[in-house]
Structure formats: structure tokens, C-alpha cells
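S.K.: fold the following and give me the result.
(2 chains)
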Amino acid sequence: MTIETTRRGFMATGSGLLLSLTLPLGAAAAKTGEAAVAGFEPNAFIRIGTDHSVTVLVKHLEMGQGPYTGLTTLVAEELDANWDQMQAVGAPANTPLYANGALGVQGTGGSTSMMSSFLPMREAAAAARQMLITAAAAEWGVPADEIVIKAGILSHQGTGKNAGFGDFAEAASKLPVPDAPKLKDPKDFVFIGKDRPRLDTASKVNGSAKFTLDHYPEGMLVVMVAHAPKFGAVVKSFDDTEALAVAGVEMVRQVPMGVAVYARNTWAAMKGREALVIEWDESKAEIRSSDAIFADYAKAAAEGGLTVEETGDLAEAFKGAEKVLEAEYRLPYLAHAPLEALDAIIEIKEGKAVLTYGCQFPTVDQMAFAGTFGIEPSDVTINVLMAGGSFGRRAQGSAHFAIEMAEVAKAAGRDGVFKLQWTREDDIRGGHYRPAALHKMRAGLDKDGKIVAWENVIATQSIMMGTVMEPSLNGGPDPFTFEGSAHLAYDLGTRRIGWSAMQTDVSVLWWRSVGHSHTAYAVETFLDEVLEAAGKDAIEGRLELLSAEATRERAVIEKVREISGWKGRKGENGKAYGFAFVKSFGSYVAQVAEVEDKDGLPRVTRVWVAVDCGLAVNPNLITAQCEGGVGFALSTALYSEITLAEGGEVEQSNYHDYPLLRITEMPAVEVAIIASNEAPSGIGEPPVPPLAPAVGNAWRQLTGRTKRQLPFARAEA
Amino acid sequence: MTKFIVNGQERELNIDPETPLLWALRDELRLTGTKFGCGAAQCGACTVWVDGVPTRSCVTPIEDIAGATITTIEAVDTPEAKAVQAAWAAIDVPQCGWCQSGQIMAATALLAENPAPTDEDIDAAMEGNACRCATYVRIRQAIHNAADALKG
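M.R.: Now for the predicted structure:
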């Protein structure tokens, strides 16, 4: 089991079968035979070498969530391969070949990798299997239906013949691709549904895994850009005398996003950048502080916003309420802070560019680089490498990093090889944050404790607006701003959900679980408080709000109640228990958190997770995403906050003031996966949203108050 | 000219003596298993051994360690290291993998000092190594498993 991640590995071609297949986007045409007439727009997902190796070209970015292993599992399954012959490599940028059926562009996001590739990858493998069998049947002179494949070996019982995939790779490559290859019956699955080890583990425990940072092409210059200290500021003037005096610094150039230093090694680039003297024009910069921004958001929310869900006369419903509860929540800007800061290798030669990096949106980046550099997208090759985390950071609708890549390459004014490298400080201060959000909540209970009225107004900035993604909104409200607040499974009486579209110069971006990252906290802690005010148990009270059709919701909630041994919110020995449930990215997740008060901060000792993400392709990876998702969300809930000071400067810069959760604070995590034959749904993001509200609900039991402004470590105003 | 022993070989580097060991290892010696995470000794991704002691290479200028013996993930091969790497692989600890070289160098040093660490010992030894994917549940388990394996 190996992973090919080098460009050389990818480019190396031997004789073998390169399977063509039409993607979901073109699937309808293929089924009618039109694609075949058009000559098979070839899509390469599988390469079978004459050495029997099976290489899966994975079109989703491997950033820790496991698509290399997940998609390879699908191929191994339908090929009846031996796991040891399987390998994975990132697919290069090629939108027609590798578009994500769920996103419409080549890209990874929204926890769609398994969901969007589950059938296409199986179909690709099933077609390859059929072609291998056809080739073997011809050579052996036996009927195809007498040939079986098991663990990577084709065999024919009557003649005693057997052979490996590689023996027929060439012959199979000359055969037509079958239109409708037969997929396995799920009851015959050998790999799918079982724990599989990750393909990339071996290289990640011995240091051999190659990431962008690890590539050193001949003649490469390291480029670092001094970015503006405030959002919207631009360079007024600069003095590079001292920078150019640093040994190893080759040149300094102004680019639209700042001043770029080109050096022969990383340390020289760092020192050179440090030595720049730059005067910034801040006349158009965002100068509001976070507090001022929240004050503006509160004003906007009070006006009610744009209605995104309304089920009746809310004012009338509140009139009928015996008891009304209100609350305002403030959720901060968040940096993704993946350990690998943004980086990329840029090779420019005779008007063509080769980009090598952990690219999450190849379509968008390819177009943006080409447009900025002034060449055709077809002249931009992107080799996609694994990324050291992302959590949304590399999924850029604005393509700001690809644009910066093009700008520094253009400013160099010559062919060459450049490694554009951000530092931790660039990352933390560089914007593209989870948008800050303010939630104004109101709920009414009747005399029997039934929720009869519910209002949630959200003031937050859209991630889509102002980017190439905006047209897909069709002028309507941005659903990513209020997902998890509207159209809930709970019966909350007469409802109104509003969204106030906020504008700032602070750049914002998808961040693991997107809108759910803030809506879940507001909705699930407020609901818990309302249920408690009605004298109801956190779990039983929620189950009462679900319709009979909400079977999947009910199943995960009941499952977590069972595995946690739920006895109510109050615990003994200074412990309290919080519950939360969130459906996101097609998956259902319920969590219970066991929490203590440790010096004024929640100390989370155990978390129970029940998840329904459809058919569990690889329980090992699903469990890992749940464990990691809990830790990531706890890190955020406890500590994460990006703030703008008076004047607009970001106050945080590195992990000392944007701390990450440590092993000392990691709770024990128990995960139960609901058995399901439904189509696979998301797992990278769904474990994140319920954690903070589960902790918040337990914390209210310990302190008597809901924490309304995260993170928990933030001093109360 | 700064001299030290890296993974058993004597190396001489004629570079800025202030250069952090991390960048000397990576940019000069092409030992790329050691990662850059923060540049400020805050995350532990750059952890290597300097004379057997887990050290944040991103803030260690090479001039401060002239003559030292450095071991990186590429060459660590003590019994503890082998047990740790095997334990890591057996339960698939890594997700994105970026911090894992540093985690393994820290865990290996812990087991060399303390063959049967408690959860508290693990916390104390590993607190400096952040994992953004939060693979901590499996890191803790893998260290216990490695300790058990070493006991035989």
C-alpha cells in the first residue's frame, strides 16, 4: 500500500489500462448513448499497471478526512482487488474530467466527497472489472461468465487458469468501455462497511509523506509577501534597501496584496520580509473593532432582517404565549488555523504555468490564476497534493491565494520556479475567517409548556456574495448564513427566521461546518433553555418535538441517550451533562458531553457521539472524524476568537493567542454509528456542530447561565 | 561554518548561523519529515531530538547547537521509535499528518524515559504538540499500546 503524491509519480506512464468513464455531470448523456457518439470525453479514475498495481486518481483533496482511502475502497470493492495492490493519487485540475457532481466544479467541500463519488467510482471500477474479464475470456477461450475475480486474481475453474489484473491491462485497454457495468449487491461487499486502514498512514508515521512544503524543484525561490495590517489597506510606499541586503534575498516586488520578497531559502525570505519598511494607505481600510461590528450587527438584527422562513403570524403566536424567553448570541470570527499554512509551488516556463499544492478548488484556482497571469486556463496545470489540514481554508471562492500566486509569478517578470509560502502569522491575521454572527432569539411557551412561537434573526456576512459563487444564489438569500436555523426537524410552533446581510471588509470563508458552526450553538442552547423552562428533559423534550417521519433524527438521539446512560442534565460529583442534536451535510449527529467546572472553564471529560451518515463505507475513518471533530469543535468553543482592535487590526497572530486544544484537554470519545443502507452522506463536518451546544448546555447546569458569547475562555463583559 | 551530526552523519553548513535548525534541516539537508507549523515553539510540529532531547527546531538557531547530535523522523530507529511508529500505524493515528512527525519524536522520547507512562505522564510530555485534527484520543491510545508492546 503506497501513496503516490509526487508529480513524477503521477506523470509516470507505463503501459496499462486507463479507464474512461463519464462523470455524474455528463451521466445523463452517457446513458442515452450520446456521449459515446461524441467519442467518450475520457475521465481517468483508475490506472491498472502491468505490475498489477491499481492506482485510483482521487478528485477530492486529501486533507486528513480520508478520501484517498475512501474512494480507493470503492474501487477495490467493485474490482474485487487485493487491498495491497491499491494506491491513491490526487487527480490533477481538469474540470470536465473531475468535476464534483455535488458542487458543479472540481472541488472538495460540503462533506460531499463520498456522497458524490460513491456511485461514479464504483461504476468506474465495475467497468474496469468487466473489461478485464472480457480480455481474459478472449485470451483463455472460455466464457466470460465462468471467470471469477477474488482478491485481485482472475481465475477459471474449468481450465485452472489464473492471472493478475496486470496481465490483461493492455488487452483490456483496447476494449470498449461498457455502458452500464453491473454493480455489486451490497450484501456481497467485502471492503465497504468494514474498518479499513488508511492508505496514507505509513508515509505519515515515518516522515516520508510529501506535502507542498516538501518539494524543492531546482532553482526554486521562496516567496513571502508582506500583507497589509488591516483589511482593505494597500501599499503606499516601501523601502527595500535593508531587505535586499539580507544574504539570499534575490529581489523585492510590489504586488497588489503587498510587497513580495524572493529569496534562495526560507529563512532569508523571512528575514528579508522582516527588513522591509512599508507605508500603508489605510484610507479605505476596515477600521471598526469587533465590538463595533457586533454593535452594528445587533442594530441590524433588531430590524428583523430578510425573512428566510415564516410559518404564520408570529406576533399573534407570541400573544398566546404564557412565557417568553429572549437571548442574544455573539459568535466570533474564527481562523481555520490548519498546521500547514498556505503554500504552493509555481513553475513558469514560456507562458505556461504548473502549480503544485494542496488545491481544494482546482476549477476556481485554475481560472483565477490564468486570468490574473494572462494566459488560458488550459495553460495552467495543477498537480494536487495532500494538504496538512484545511477545514475550509483552501476552498476559496475568491481564489485569493491562486491570485497571489499569479501576482508574485507575474511580478517576478521571468520564467522560474517559486514557492509561495505563508507563515502562521500570515494565516492567523490574513482574514478569510468563519464570519462573525449575531443571533437574536425569542421563544414563547404556552401554559402547558409547549413551544408556540419561535424567532431567530441572524446578522452575518455572506461567504458567497462578492465571489464567483454569487451567481449560484440567483439573487436569493445565502443559505450558508442561516443553515441550521431554518427548516428544522423540530416543531417549534409558529416560526420566523430572518437574515440580515452584513458587510465588512473582513474577508470570510467556509469553515468546517459553515453556517452550522454558529447556528447550532444558538439554536441548540436556546432550545435547551426553553425546554428546561418548560420543565422538560433535554432529550425527551426534543423527541416530543419530532414528527413521526423523523426516524433518522429519532434514532441517533435515542442511540446517544442509550450509550451515554443519560439520566438528565444534572450529574453527581460536580459533573453536568449537555445534549445537542444537529443534522448537517445530510448526516445526523447527536452528542452528550460530560462537563465539570475547572477554574471557571468547562472541562469536558467524556463525549458520546451517535451518527447516521448513511452507509458507513469505512467505520474506522468515520469514528476518526467524530473523535477529531469533537476535539476541533471543543478547541473552538473553549478558545477560538479572532478580534479586531479599535482601528481594525487583528489582535491575534499565532498559537499563543489563538490557542489550539491540547491532549490534556481532550475528552474520551465514544462513537456509535447507526447501521444504514441509505446513500453515504457527509462526515468531515457533521461531528462539529453539536459539540459546542452540548458543552454549553452542561455549562448552564453548572453555572446557572448560558454562555452567550463564545469562546468560553473569553472574559465576560 | 556550523558543524553537527545529523542522523549519524557529520554535516557542515555554511549558512547564516541564526538560521533555525528547522530550515537548515529542510532547505539545506532536504530532511522534509520535520514540519513548519508556527515558527514560534507553539505547536511542536518541528520537534526533533537534539542530543536525545525533544527540541523545537523552529526556534533553535544552528549556532546554539554546534557539535550537537540531531535525530529526525527520517532516522529515528530506537526500539521505542519502532514501537511508537508501529502503534501509530496499527490504529491509524494520523489524519492530515502534518504534526505527526513531531508527535512521534515527542512520544518516543517519553517512552525512552518512562516505559510505562500514565495518562498524566502522557499529558505532561505531549502537551507541547498540538494536533489541529485533534487525533489525541488515538495518540494517547497508541502511546499506551507502544508501551505495552515494549514490555513484551
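S.K.: tell me if A:Gln87 really is in a strand.
M.R.: Yes - counting by DSSP: H, G, I helix; E, B strand; the rest coil, A:Gln87 is found in a strand.
S.K.: who's it bridged to?
M.R.: A:Gln87 has the following beta-bridge partners by DSSP bridges: A:Thr2, A:Thr55.
S.K.: give the rounded mean pLDDT of the longest helix along chain B.
M.R.: Longest helix in chain B, counting residues (DSSP state H): helix B:136-151. Across helix B:136-151, the average pLDDT comes to 98.
S.K.: run through who's touching that helix.
M.R.: For helix B:136-151, the external contacting residues (Cβ atoms under 8 Å, 6 or more residues apart in numbering or on different chains) are A:624, A:627, A:631, A:661-663, A:666, A:668-669, B:79-80, B:83-84, B:86-88, B:90-93, B:103, B:107, B:110-111, B:115-117, B:119, B:122, B:126, B:131. (Each C-beta comes from the backbone N, C-alpha and C, glycine too.)
S.K.: what about 7 Å?
M.R.: With Cβ atoms under 7 Å, 6 or more residues apart in numbering or on different chains as the test, helix B:136-151 has contacts from A:627, A:631, A:663, A:666, A:669, B:79-80, B:83-84, B:86-88, B:90-91, B:93, B:103, B:107, B:111, B:115-117, B:119, B:122, B:126, B:131.
S.K.: now stretch B:2-15
M.R.: Stretch B:2-15 is contacted from outside by B:1, B:17, B:24, B:28-29, B:62-63, B:65-72, B:74-75, using Cβ under 7 Å, 6+ apart.
S.K.: swap in stretch A:550-569?
M.R.: Stretch A:550-569 is contacted by residues A:489, A:537-539, A:542-543, A:546, A:576-577, A:581, A:583, A:588-592, A:608-612, A:670, A:672, A:674, A:701 when judged by Cβ under 7 Å, 6+ apart.
S.K.: A:Gly141: neighbour count?
M.R.: A:Gly141 is flanked by 9 other residues according to other Cβ atoms under 10 Å in any protein chain shown.
S.K.: quick check, pLDDT for it.
M.R.: 97.
S.K.: that one and A:Ile147: what is the separation?
M.R.: Plainly put, A:Gly141 is 11 Å away from A:Ile147 if you go by Cβ to Cβ, to the nearest Å.
S.K.: ditto for A:Val671
M.R.: For A:Val671, the distance to A:Ile147 - Cβ to Cβ - is 41 Å.
S.K.: in contact with residue 98, which residues?
M.R.: Assuming you mean chain A. So A:Tyr98 contacts A:Lys59, A:Ala91, A:Gln106 (Cβ under 7 Å, 6+ apart).
S.K.: ah, I was thinking of chain B
M.R.: With contact set as Cβ under 7 Å, 6+ apart, B:Trp98 has these partners: A:Leu339, A:Glu340, A:Gly388, A:Gly389, B:Lys35, B:Gly37, B:Ala45.
S.K.: isn't the fourth one up against A:Gly64?
M.R.: Yes - between A:Gly389 and A:Gly64 a contact is recorded at 5.7 Å, counting by Cβ atoms under 7 Å.
S.K.: ok, back up a step: separate out the buried members of the contacts of stretch B:2-15.
M.R.: Buried by 16 or more other Cβ atoms under 10 Å in any protein chain shown: B:Ala24, B:Glu28, B:Leu29, B:Ile62, B:Ile65, B:Ala68, B:Ile70, B:Thr71, B:Thr72, B:Glu74, B:Ala75, out of the contacts of stretch B:2-15.
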